[in-house]
Each structure stands twice: as structure tokens, then as C-alpha cells.
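**Student:** okay, sequence plus prediction incoming.
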Amino acid sequence: MKLPKKIKIGGFIYKIVVLDNLVRVTGSEEADGLITPNRSIIHIVKKESEQFMGQAFLHEVMHGIDMAYNGDVLDEPTIERISQGLYQVLKDNKLDF
């Protein structure tokens, strides 16, 4: 999956930033992605696996959708399941962007 440079979620345009790690942003190496709504940025950790980056990107997009339309009500496991399933559907059906 080729990551876009920007994406519009709920009327806001988010800049996509790929970093080697998120330690500066989160203070931890454990995160693979982060959405920062008040700055309109989605950070994604650069990985060897295109699949891994694509799933992390969709995960953060799902957080953005949840915040924009639901008020941040979906828990982390639900976001993870939906983003992984969506990634697989896109790839299996050759719906790449």
C-alpha cells in the first residue's frame, strides 16, 4: 500500500509523516503510528514491510474516523480488528491506493 501524503477525515486534512520511530512524539518505541488531531498529522513508523505500514496507517485513519464521527468511543482492540480486516479486504481485492 502506497501511503498518501495527505488524507481528509471528517472535513480535516491530515498530513502523513513517516518517521524512523515515534520516540520524539510519544516518548516510547512501542507505537507504530499516532494521529494528532489538534495538529492534523498522522505519524507512521517506517518499516521494511509495506503491509505493516499499511495496517498502521489504516489503524490511525480509523482513530480519526472514530474521533470525527463517534466522539472517540471505539476501544483499541476494536480499532485494531477493523483496520486489519479493512487492509486485508483492500489487498485481496487489489484496491490499492
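**Tutor:** Perfect, I can see it now.
**Student:** now do the contacts for residue 86.
**Tutor:** 58, 62 (C-beta atoms under 8 Å, 6 or more residues apart in numbering). Just so you know, the C-beta spots here come from the backbone N, C-alpha and C atoms, and that holds for glycine as well.
**Student:** my guess is residue 11 contacts residue 68. True?
**Tutor:** Yes. With contact defined as C-beta atoms under 8 Å, residue 11 reaches residue 68; the gap is 7.4 Å.
**Student:** neighbour-wise, which of those two wins?
**Tutor:** residue 68 (14 against 6; other C-beta atoms under 10 Å).
**Student:** residue 78 versus the nearest residue to that one once chain neighbours are set aside, what's the distance?
**Tutor:** Leaving out its chain neighbours, the residue that sits closest to residue 68 by C-beta to C-beta, 6 or more residues apart in numbering is residue 10, at 2.6 Å. Distance of residue 10 to residue 78, given as C-beta to C-beta, to the nearest Å: 18 Å.
**Student:** ok so, going back, quick one, phi/psi of the residue nearest to residue 68?
**Tutor:** Phi and psi for residue 10, reported as degrees, to the nearest 10, are phi 60, psi 40.
**Student:** can you check the pLDDT for it?
**Tutor:** pLDDT, residue 10: 93.
**Student:** any idea how far it lies from residue 49?
**Tutor:** Taken as C-beta to C-beta, the span from residue 10 to residue 49 is 29 Å.
**Student:** comparing those two, which residue is more hemmed in?
**Tutor:** residue 10 (12 against 9).
**Student:** pretty sure the residue nearest to residue 68 sits against residue 61.
**Tutor:** No. Contact criterion C-beta under 8 Å: residue 10 and residue 61 do not qualify, at 10.7 Å.
**Student:** all good on my end, thank you.
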